[in-house]
Structure formats: structure tokens, C-alpha cells
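Novice: from the sequence below, what's the structure:
(one chain, ligands or ions: 1)
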Amino acid sequence: MLRSKAFSLLKPIPLMSGQSNLAYKFIRPAIASHGHCCHRRSVDYRQRYKTHPGSAGGRTISAPQTKVMAEEELPGVLILDIGGTHGVLENLAALLKKHFRLITMKEFLQNKKEMSKKIQAVFVFECRPIIDRELLESLPNLKVIGNSGVGVDHLDLKMISSFGVKVTNTPHAVADSTADIGMALMLASARRLVEGCQIAVSPDTKYFAVDWLGVEVTRATLGIIGMGSIGYRVAQRARAFDMRILYHNRNRRRKEEEEAVGAHYCEKMEDLLQQSDFVMVVVSLTPETHKLIGKKELGLMKPTATLINISRGAVIDQDALVEALQNKVIRAAALDVTYPEPLPRDHPLLKLNNIIITPHIGTATVQAIRMMAEEAITNMLAVLNGQPIPSEVFPK
Ligand SMILES: O=CC(=O)O
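Specialist: Predicted coordinates for the structure are as follows:
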């Protein structure tokens, strides 16, 4: 009952744009307990994320230190997740509790009058919860929405900003784990890992009766569409496989960044599509990238090529993809993201054997979710303390 009440606050909105520019050159704000200036300390994030020039990822995000305060003194944070996280959020509660008074949606709805005054921040744990006007109107002291994750297409940035509320995201914390899932999908699809597993466990099949062959990733051409921090990390990994790396991006990376991973810029996405054996989509979802890969683009790809998507489902026209896979216009696809998530059980994509689909697990690692929470906490505290905000996302 309470759950369904909470859900009534969350209703779908049209896809919206919005993405931080993944800037890395920020100084971590001096962290003090909220409202008090103690233990001020600045940490240059470039020291922490110095794996390569221009990279914005890192492995050592650590939550800021806060003076121990009584719970009532701490700013309230409303925890917004849609459930189904199997205790993950509970594990993050201890981290959040060091800096905030945690308020669940259930507590908020039970005692709206008192709670609404306390809530200064909303922590969004999954990329599905929707923050609507009704919720914002009921939180007069809200200053920041700390999104745990890089993609903010589930948030109506213009509407949120009209309430004077800031939105932040966590581009650094997600970079490695998301790049890893891209590599995992590419390798799994190339070597038909899922089919291999099915054969190995099937009682009906002779163990070695594999009547098909995979393809090799080594020395193949990888085309990366979207060379932000995740795309760049994919390139770093692909280099170890001696891959020829092409990329297409709104903005060309610096020469030294290209050289560091041996990546070649394709001004036209068409050139990348025509030349690549593996095409990996790593763009954020915006109105410009909605259905970026459709029938025409799939038609430009080699019949031996594989499409990998680790960004958002809606950047690919799924009907066109079904048709392309059915008609062998391309060899295969490997998707960590779909539209919607999960796909309805009778969706034609689930009936194909030249596809691998994982349930949006790019950041589903012990390390990533912790780093995401820590990065989100740092962002939210910076807003509440009036300090420079490491990763603010602006409406376009
Ligand atoms: O999907 C994951 C993210 O947006 O970081």
C-alpha cells in the first residue's frame, strides 16, 4: 500500500537530455560538516584520477570526512530507489548516514509535514526513479538531487532547475566498470560464450558438438561512438587486444589522448560504421542521440560486424535492430541496455540467437556502487556547503 503510494509520485516522463561534460579538472571541495567549518581540506582530483591524460575515471574515490554530529543536526536525504536492488542500498546506508539523516520514501509519506522540511537532498540510486513536479513541490528545502550514475536521461533537468534545485552525477565512479562490461559483451559475443555455456550444460548435446565458430577480437577494428571517459577506457582496454581503434565524438579528443590509445578520429559516423568489426555505442541519451543507430546505420555496417550497446537502449532503433539481426544485415548484437528494461518476455529480440542481452549491469559491481555513492555524497555536500560542485549536470 505504502509502496504503491510512493510509486504514485513516480511517473514516466518523456526522454530528456542531459549529461555532465565529464570534466575532470575540478578541485574536490573542502569538506566540512554541514553548516560547520571544520576539517577543511582540499584534494585535487587530478591526483586521484591520473591514469591517463584527459581521463576522468578513477578507482579511489573516497567519501569525505564529516565531523560526527547528532542525527537530527544532519541534513535530510530522501532515498529514492524503486526497490529490487536486493539489499544493495542497505549496504550504502552506512556511508550516507555519516553525512545525512536518511529518510526513506515510506517515512516521508508517513510524516510528510515534518519530513518535507528536513529533506535537503535526494539520492537517486537507480536510473529509473522519476522525480516529478509533485514531489518537488512537496520539498521546499530541497537543494540537490544526487544521481548515482552518469546518465541523467530519467530526470527532467529543466523542470528540476526551475525549482532552483541542482542535479549532480557520478561520471568518475562508473567509468571502469562500464568499460569492463563493454569488453565483456564484445568478447562474449565474438566467442559465442552464452551459446557455449548452454551447450556445456545441456544434457542433450555432445560436449564438443560445436558446429559454429566465433570471431576474434584481437587485431579487429573497434569503432567507439562516444569517446567520453567510458569510451576512452574501452579504448585503453582494446589496445591490449591490438585492436585498430576508430572513434566518433562530438568533439575530437586531444592529439596526445588519441596517441595514448592509438585511436583514429572519424569525423563522419558513417566512416566508422563501414570500417568497424565491432561498433560500441557509449553516448549519453539526449534528443540528438535518440535512435542514433537505425536501419540506415545498421545497413552501413559490415555483415560480419557486431553492435554493442552500453549506453541507453533508446539510442538504438530496436525494431530496425530486430530486422537487421533476423536478416543477417549484421552478424550479432550485445546489449547491456534496452528499451524498455526489462524487455517484455515476448519481445522479438529475446527470440534471436545472434544476440546477448544483459540487464543493465554496467555498474553492478561492489566497487562501482560504493564509489558512485561516495561521489554522489561528495557532490551533494558540495552543494549544501556552497562549495564548487565536482559534477553538476546542467539543463541544455
Ligand atoms: O547506467 C549507468 C549510469 O548511468 O551510470
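Novice: for residue 299, which non-adjacent residue is closest in space?
Specialist: Leaving aside its sequence neighbours, residue 299 sits nearest to residue 329 (Cβ to Cβ, 6 or more residues apart in numbering; 6.2 Å). Every C-beta, even on glycine, is put in place using the N, C-alpha and C of the backbone.
Novice: dump the residue contacts of that neighbour.
Specialist: Contact analysis of residue 329 by Cβ atoms under 8 Å, 6 or more residues apart in numbering lists 298-299, 301, 303, 323.
Novice: could you single out the nearest of the residues you listed to the ligand?
Specialist: Using Cβ to the nearest ligand atom, residue 298 comes nearest to the ligand of the contacts of residue 329, at 23.2 Å.
Novice: I'd guessed the closest one sits against residue 318; true?
Specialist: No - the pair residue 298 / residue 318 is not scored as a contact, 11.1 Å apart, by Cβ atoms under 8 Å.
Novice: and this structure, what are its domains?
Specialist: Segmentation of the chain into domains, based on automatic domain parsing, reads 2-173+364-393, 174-357.
Novice: for the ones you listed, could you give me JSON lines that also reports distance to the ligand?
Specialist: Converted to JSON lines, these look like this (distance: least, Cβ to the nearest ligand atom, whole Å):
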{"stretch": "domain 2-173+364-393", "distance to the ligand": "3"}
{"stretch": "domain 174-357", "distance to the ligand": "4"}
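Novice: make JSON lines out of the ones you listed and add mean pLDDT.
Specialist: What follows is the domains of the chain, written out as JSON lines (pLDDT from 0 to 100):
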{"stretch": "domain 2-173+364-393", "mean pLDDT": "71"}
{"stretch": "domain 174-357", "mean pLDDT": "96"}
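Novice: so which bits of stretch 252-269 are buried?
Specialist: Residues 253, 257-258, 260-261, 263, 265-266, 269 are the ones in stretch 252-269 that count as buried (16 or more other Cβ atoms under 10 Å).
Novice: again but with stretch 146-165, I slipped
Specialist: So for stretch 146-165, counting by 16+ other Cβ under 10 Å, buried means 146-157, 159-160, 163, 165.
Novice: those residues: which two are farthest apart?
Specialist: 150 and 163 (22.5 Å; Cβ to Cβ).
Novice: strands of the stretch 201-350 of the chain, start to end?
Specialist: 221-225, 244-248, 263-265, 278-281, 306-309, 332-335 (DSSP state E, counting those that start in this stretch).
Novice: wait, isn't residue 248 in contact with residue 263?
Specialist: No - taking contacts as Cβ under 8 Å, residue 248 lies outside contact range of residue 263: 10.5 Å.
Novice: okay, and the common contacts of those two?
Specialist: 224, 227.
Novice: doesn't residue 143 make contact with residue 165?
Specialist: Yes - shown here, residue 165 and residue 143 form a contact pair, counting by Cβ under 8 Å, at 6.4 Å.
Novice: hmm, residue 274 is touching residue 302, no?
Specialist: Yes - the pair residue 274 and residue 302 qualifies as a contact (Cβ under 8 Å) at a distance of 7.5 Å.
Novice: how many other residues sit next to the closest residue to residue 100 other than its chain neighbours?
Specialist: Of all residues not flanking residue 100 in the chain, residue 77 sits nearest, at 3.9 Å (Cβ to Cβ, 6+ apart). Here the count is done by other Cβ atoms under 10 Å, and residue 77 has 25 residues near it.
Novice: and residue 77, which of the three is it?
Specialist: With DSSP: H, G, I helix; E, B strand; the rest coil as the basis, residue 77 sits in strand.
Novice: give the contact list for it.
Specialist: With contact taken as Cβ under 8 Å, 6+ apart, residue 77 is in contact with 96, 100-103, 119-123, 146, 380.
Novice: just the buried ones from the residues you listed, in PyMOL syntax?
Specialist: Buried subset of the contacts of residue 77, written as a PyMOL selection, criterion 16+ other Cβ under 10 Å:
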select buried, resi 96+100+101+102+103+119+120+121+122+123+146+380
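Novice: quick check: the farthest pair among the contacts of residue 77?
Specialist: Largest separation among those by Cβ to Cβ: 101 and 146, giving 14.6 Å.
Novice: please flag which of the contacts of residue 329 sit within helices.
Specialist: Among these, the members falling in helices are 298-299, 323 (criterion: DSSP state H).
Novice: okay, now residue 72: neighbour count?
Specialist: 8.
Novice: my guess is it is in a helix, correct?
Specialist: Yes - in this structure, residue 72 lies within a helix as judged by three-state DSSP.
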